[in-house]
Structure formats: structure tokens, C-alpha cells
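Participant: have a look at this prediction, sequence included:
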Amino acid sequence: MVLLFVGWTRGFEGLLRTFDSRLPSRTEIHVLSEAPLSWRETQMEAEGLNLDGTAVEVEGKSGKVSNPGLLNGVVSQYTGFTTDMNAMRKLPIDRANAVVVVADTNPNDATSGNGGSDLQIADSECLTSTILLRRLHTELAKSMVASGKPPPPPLTLVTQFEDLLTRRLLERQPDLLDSEPADEDATAPPNPQPSSVNSSVQDDEELPQARSKPNEVETVGFHRNYIETTCLSLAAQSSACWTAISVLLDPDGPVRLKTVKVTLLLRSGEMSKYLSTMQKPPMLTGHARKSHCQSPQQQQSSSDGVKLSFWTLAERVRVDLDNALLVGWRRLAEKNDVVLNPPDKEAGLHWCSKDKLIVIQPRTHVETPRR
């Protein structure tokens, strides 16, 4: 995996460790910032890390000792402005799987932290970086395909905005972050596969036209004060609940809170091919309707799939995922909104290859797709 960071936020060294605990082995981490390398080196050493993510050795009474370095990632550092396209070209965008854009820190700026105006300036820089990255990725895709090379992998772009006004702006102009869309026919591989970095599980079947839009944008709002207050009150009121939350968030804990693709648990005939393309199933009349509804076996071979309830999926999750617990989902038919503990667990729903289930799973489990 190739992960890019555009910008260096305060506390970035701890953020690196948090990412590293959840990344696959041998991940490349590339960082672009205007902060001098000497300053970054000082900040990294405070966390016990060298610039490349290896451990810093310190001379102690019993010899050289060191905190563990990054376990899964190797860091490469780049210097340049995060709003400069030439600086961004230093990054391996053609191989990148994900980019995280944060407000860049200028250690020489004594005016930082002056309230709302600073937040708006930081958000405008993040917005510019995001648009430039999408434009570069689109241009690379076109040039690579034109030269007979395969297109770059799908790129997931995560941008941090700090000002509430920016969120309102994105809600009113949802296409603000869209770059010029690439020609899908020119950049798409012969048999495009659905893809997501949210899960390592691959689809066990190929569906026509099941690729997501190249410029699909999703915004999620986090209220830090609200989250911190909730955590404090939860810890004060119930130690058992707080322990459960801590176990779920611990990257080295006995269980994982994760998403898995629904294709891992459904057979091919049970999934709706129309939902994955957002097309309506064909209308059946006369003898065709009668034969179409004769039996559950014939329903399973329908292109519109089979309706499955929360309890049905929960049982499959328990059996197929080593006593895992189903807690919710994200469905394309529900605009990919996160649904936790759905109230009507008896209702049957259609499922497509882009849907994901949210489960609590033991770490010892190895996934095996259902055929």
C-alpha cells in the first residue's frame, strides 16, 4: 500500500503511530510539508522516531535503548508547499492508494492560533491541495492510458477541514471538490472491479458497471468537544462501557471493529445487480411474472436478488466469521449512511456488491468467501 500525507499537523508523530498500527505490512508513507526537515526531525525524535520511521537509539545506563519504531510503514519526507503543483509532483501519485490532506504547520509563523481567520486560511489551503491532487490524478490516468500503460489505482482522498463554515459550504456545493472528470472509457480497465480501501475483502464475483463514480465525495462531521465530553461522561458513569469502548478502539486488542463486504457472506444469486448500478429491475408481466415468483429457489436466481433481514445476516456473520457480531451496515440504497443497531431487524432488504457490514470480529479469524 502507498499512503500520502499532504501537510504536517501538530501531533503528527503520534498520528503516524496510530496509522502504522492499522496499516498492512511494508506500507510506503510519503509526507509533503513546507516545514524544514531539521524541525521535523526534532518533532519525530520526541516520539522516539527517525525521519524514516525507524526507532531512535538513546544511550542509557545499560547501553543503547530505543522505543519501537514504526512496525508496518517506511516514511519518505519531501519539502515543498502543499498548494504547489510542482511540489506535489514529487509524490508517487501514480501508485498511491490513499491521501490524507491536513493543514500544514509553519514552525516560523508566530501568528498561528488566532481563531477563526486561521481556520479559514487553513481550510482554503486544504481545499486547494485536494483539488490539485484530484486534477493530477486525473491527468496521470489519461496520460498513462494514452501511452498504453494501465491506469493508476483508485485513489481515496481524505481531507481534514476545521472550520464549521467550510462544512456548510461543502453541503451547499457538493461538487466543489470535483476535478475535471476523466474519460471513463479511456481510463477504465477492460473489466473494472469494485474497490474500496475500507476493507481488505475482495468481491467474489464480477458485476457489470459496478464501479463507483470517479468523483464521488462524502463528508462526515466530527465535533471534537462533543466526542471528548461523551468519553469523559461515559468513563465516569460506567467503567464497563468505557472498557468495552477502549477494547474496540485498541488496535492490538482481542477484537476488531471493521467493515466487510457483503459479498463475503452472500451467494452470487442472492445479490441484486440492479442496486449496484442504481437501475430499476425489469417489469415482468403475465406468464413471466408467474414463473418468476414460483419458489424461493427461482427467486435466488433473480437478477434482483433475495431480501435478507438483519437476523439472517447476523447468523451468517456468527457462523462464517468465527462468532463475529453484526452491529450495522452501510448500504448503497441508503446513500452509504452508517446504520448502527437498525430498529427493524425483521425487515428484508436487497443487497448489492457495494454494500458493507459493520462487525465486531475476533482477531484470529481468516476470511473465506462464500460461493
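Facilitator: Looks like it came in fine.
Participant: so who does residue 127 touch?
Facilitator: Neighbouring residues of residue 127 by CB atoms under 8 Å, 6 or more residues apart in numbering: 159, 161, 166, 176, 177. No exception for glycine: its C-beta is placed from N, CA and C like everyone else's.
Participant: now do the strands in the protein.
Facilitator: Using DSSP state E, the strands of the chain run over residues 2-6, 27-33, 57-60, 63-66, 73-79, 98-101, 156-159, 255-261, 325-330, 338-340, 356-362.
Participant: quick check: the nearest residue to residue 94 once chain neighbours are set aside vs residue 129, distance?
Facilitator: Excluding its sequence neighbours, the residue lying closest to residue 94 (CB to CB, 6 or more residues apart in numbering) is residue 152, at 4.7 Å. Per CB to CB, to the nearest Å, residue 152 is found 18 Å from residue 129.
Participant: same thing with residue 313?
Facilitator: From residue 313 to residue 129 the distance is 39 Å (CB to CB).
Participant: between the two, which has more neighbouring residues?
Facilitator: Between residue 313 and residue 129, counted using other CB atoms under 10 Å, residue 129 has the larger neighbour count: 26 against 20.
Participant: got the contact list for the residue nearest to residue 94?
Facilitator: 93, 94, 95, 96, 137, 140, 141, 144.
Participant: check residue 103 too.
Facilitator: 7, 9, 122, 123, 125, 126, 160, 162.
Participant: try 7 Å this time
Facilitator: 7, 9, 122, 125, 126, 162 (CB atoms under 7 Å, 6 or more residues apart in numbering).
Participant: export those residues to CSV and tack on distance to residue 67 and pLDDT?
Facilitator: What follows is the contacts of residue 103, written out as CSV (distance: CB to CB, whole Å; pLDDT from 0 to 100):
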residue, distance to residue 67, pLDDT
7, 25, 90
9, 21, 82
122, 31, 82
125, 32, 87
126, 31, 86
162, 30, 77
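Participant: okay, those residues in JSON lines with neighbour count and distance to residue 306 next?
Facilitator: What follows is those, written out as JSON lines (neighbours: other CB atoms under 10 Å; distance: CB to CB, whole Å):
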{"residue": "7", "neighbour count": "24", "distance to residue 306": "46"}
{"residue": "9", "neighbour count": "16", "distance to residue 306": "47"}
{"residue": "122", "neighbour count": "22", "distance to residue 306": "49"}
{"residue": "125", "neighbour count": "19", "distance to residue 306": "49"}
{"residue": "126", "neighbour count": "23", "distance to residue 306": "44"}
{"residue": "162", "neighbour count": "17", "distance to residue 306": "45"}
